[in-house]
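Asks: next one to model:
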Amino acid sequence: MTSFDLAVVGGGPTGLATVLAAQALAPSWRVLWYRGRQPGFVPAYAGLHPVHRLNVPVERMGLDAAQPVDFLDWLQARHPERGVRPGDFVPRTWFGDYLEARQAGLRGPPALDARPQDLQGVVPSKGQWRLITADGNEAHARRVALCLGLPGGQAPAAAPAHWIADPWAWWRALPEGPLPLAARDEVLLVGSGLTAVDLALGLRARGFAGSIRAVSPRGHWSLPHAPTPPLPAAALAALDAELTGAGRARRLFRLLREAAAHHPWRAVLDALRPATNRYWAALPLVEQARLLRHGFGPWNRHRHRMAPDVRATLDADAGLRLERGRILVDAEGRLWRRHAGHEEAIDAALVLDCRGPAFRAAMQGEGLLARLVRAGVLDVHPLGTGVCTPADASLAVLGAARFGEAFETLAIPELRQQAVDTVRRWLEPEAAGDRPSAPK
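Replies: Here you go, the predicted model:
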């Protein structure tokens, strides 16, 4: 049976970034890439409408850690007619096209064996890893990089049939032509993050003229980007020292508020971005849990911003309501909005679940991550939101599955750097003349 130097599991941007890093830094390696059965880079970057835009400026979305502007360069070279400039927020499908182009530029066999298969098991076997697919095929690799992407959502118990737990799968399955909704219908968006924003824009673009109601615990949209001068170096150095020793979530947020009172808050958050995981790691576990419980929503609202014109479109839509509250489903499948001790019945023709990834649910069920946890290959992080870095150095976890151990681990800048760091870490013992540690 053929043995590979590296197996990459996952067909999204993280998996592609890891393959790119391996081919650039370890060109002699033979890489096996389990891309999964979904064609293209779905769900985030394929099958979407042009109104679905990236929420990050184009010059920061390159997949090459050594060349972060690679996406901008590619667009300007491949599609000069689009007139893309730094600072633009372009359609997400364009980023999907870029990912496809980067994939097409990979070296093929024997350097790379890319398989459209889903992996069912990763088992230690005689100093290597045995990789088992859903149809029973097997391969072996000395190293494994798990790049599993964001976990899906999870519908509440007794959710009615018109509750859509995976709104992007629903969107991609829509037929051409008018939506199966009447002008008098109401669509309920459970959540008000960027997924809710995209779906509201998409519904309008597809001709839905009825009412759209978005409900979230705090009742806020994400804030818009805006041109902002950088934080002065002296202010950054002073703030960094205080945040590193904050010790408590409440003090950390108080320091951020004080900094934002003297400097533009966008400049503060952008300057601190590279050190966010360091501040997170310095907090005790109980304070990390407190931050997730009380501060995660406000953080996301400020950190994950949207294009200014997208926010203006939302604000101008008279048929779009944003409300504070929690959506409950009773035993009969009826919907209720609870806020300030009161409950209001909701009669919606369609419910789109926009609450985001179900990190804790991913540790259970039948997904690969949950199976590896049950098998003892991976350990759940004490926060329950992801897994710990494996003790075995020949197994790496990248991206969303690290949430909890890391705080910033979902966006392209972090993902591309994780890919490079992982390959470099594996190369260090080889440079010293040692082989990587064998799986136990």
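Asks: and the residue nearest to W94 when sequence neighbours are not counted, how many residues sit next to it?
Replies: In space, and not counting its chain neighbours, W94 is closest to L75: 6.6 Å by Cβ to Cβ, 6 or more residues apart in numbering. Backbone N, C-alpha and C define where each C-beta goes, glycine included. Residues near L75, counting by other Cβ atoms under 10 Å, number 23.
Asks: please identify the helix or strand for L75.
Replies: According to DSSP states H and E, L75 maps onto helix 70-78.
Asks: for the closest residue to G152 other than its chain neighbours, grab the count of nearby residues.
Replies: Counting by Cβ to Cβ, 6+ apart, D166 is the residue found nearest to G152 once chain neighbours are left out, at 5.6 Å. Number of residues near D166 (other Cβ under 10 Å) recorded here: 16.
Asks: got a list of what D166 touches?
Replies: Shown in contact with D166 (Cβ atoms under 8 Å, 6 or more residues apart in numbering): G152, G153, D353.
Asks: cool, and V377?
Replies: By Cβ under 8 Å, 6+ apart, the residues touching V377 are V122, V123, P124, P390, L395.
Asks: try it again at 7 Å.
Replies: Counting by Cβ atoms under 7 Å, 6 or more residues apart in numbering, V377 makes contact with V122.
Asks: ranges for the helices of the stretch 1-150 of the chain?
Replies: For the stretch 1-150 of the chain, applying DSSP state H, counting those that start in this stretch gives helices covering 13-25, 70-78, 92-104.
Asks: just name the most buried of the ones you listed.
Replies: Most buried of the helices of the stretch 1-150 of the chain, by mean neighbour count (mean count of other Cβ atoms under 10 Å): helix 13-25, with a mean of 24.
Asks: now the helices of the stretch 1-150 of the chain as JSON lines including distance to R266 and mean pLDDT?
Replies: JSON lines is the format used below for the helices of the stretch 1-150 of the chain (distance: least, Cβ to Cβ, whole Å; pLDDT from 0 to 100):
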{"stretch": "helix 13-25", "distance to R266": "25", "mean pLDDT": "97"}
{"stretch": "helix 70-78", "distance to R266": "21", "mean pLDDT": "98"}
{"stretch": "helix 92-104", "distance to R266": "22", "mean pLDDT": "96"}
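Asks: can you give me the neighbour number for P232?
Replies: P232: 12 surrounding residues under other Cβ under 10 Å.
Asks: let's number from 383 now, not from 1
Replies: In the new count, where the first residue is 383, that last one comes out as P614.
Asks: once you drop chain neighbours, what's closest to it?
Replies: Closest to P614 by Cβ to Cβ, 6+ apart is H645, at 7.7 Å.
Asks: likewise for P646?
Replies: Among residues not flanking P646 along the chain, T610 sits closest, at 4.8 Å (Cβ to Cβ, 6+ apart).
Asks: who are the contact partners of that neighbour?
Replies: P646, R648, A649.
Asks: so the second one sits against A608, correct?
Replies: Right, the one you point to is R648. Yes: under the criterion of Cβ atoms under 7 Å, R648 makes contact with A608 at 6.3 Å.
Asks: break the protein down into its domains, please.
Replies: In terms of domains, the chain is parsed into 385-533+740-813, 545-606+687-735, 615-685 (source: automatic domain parsing).
Asks: report the contact partners of R753.
Replies: The contact partners of R753, by Cβ under 7 Å, 6+ apart, come to G503.
Asks: the residue nearest to W476 against V466, yeah?
Replies: Yes: using Cβ under 7 Å, L457 is in contact with V466, at 4.6 Å.
Asks: shared neighbours, the two?
Replies: Common neighbours of L457 and V466 (Cβ under 7 Å, 6+ apart) are V440.
Asks: ok, the nearest residue to D761 once chain neighbours are set aside to Q405 distance?
Replies: With Cβ to Cβ, 6+ apart as the criterion, D761 has its nearest non-adjacent residue at 4.7 Å, and that residue is C770. In this view, C770 and Q405 are 28 Å apart by Cβ to Cβ, to the nearest Å.
Asks: what of A523?
Replies: Taking Cβ to Cβ as the measure, A523 falls 16 Å from Q405.
Asks: which residues of the stretch 383-532 of the chain score low on pLDDT?
Replies: 383, 421-422, 424-425 (pLDDT under 70).
Asks: and H607, what does it touch?
Replies: Neighbouring residues of H607 by Cβ under 7 Å, 6+ apart: R687, A689, P690.
Asks: hmm, 6 Å instead?
Replies: Contacts for H607 (Cβ atoms under 6 Å, 6 or more residues apart in numbering) come out as R687, P690.
Asks: go on, L621?
Replies: Counted by Cβ under 6 Å, 6+ apart, L621 has contacts A641.
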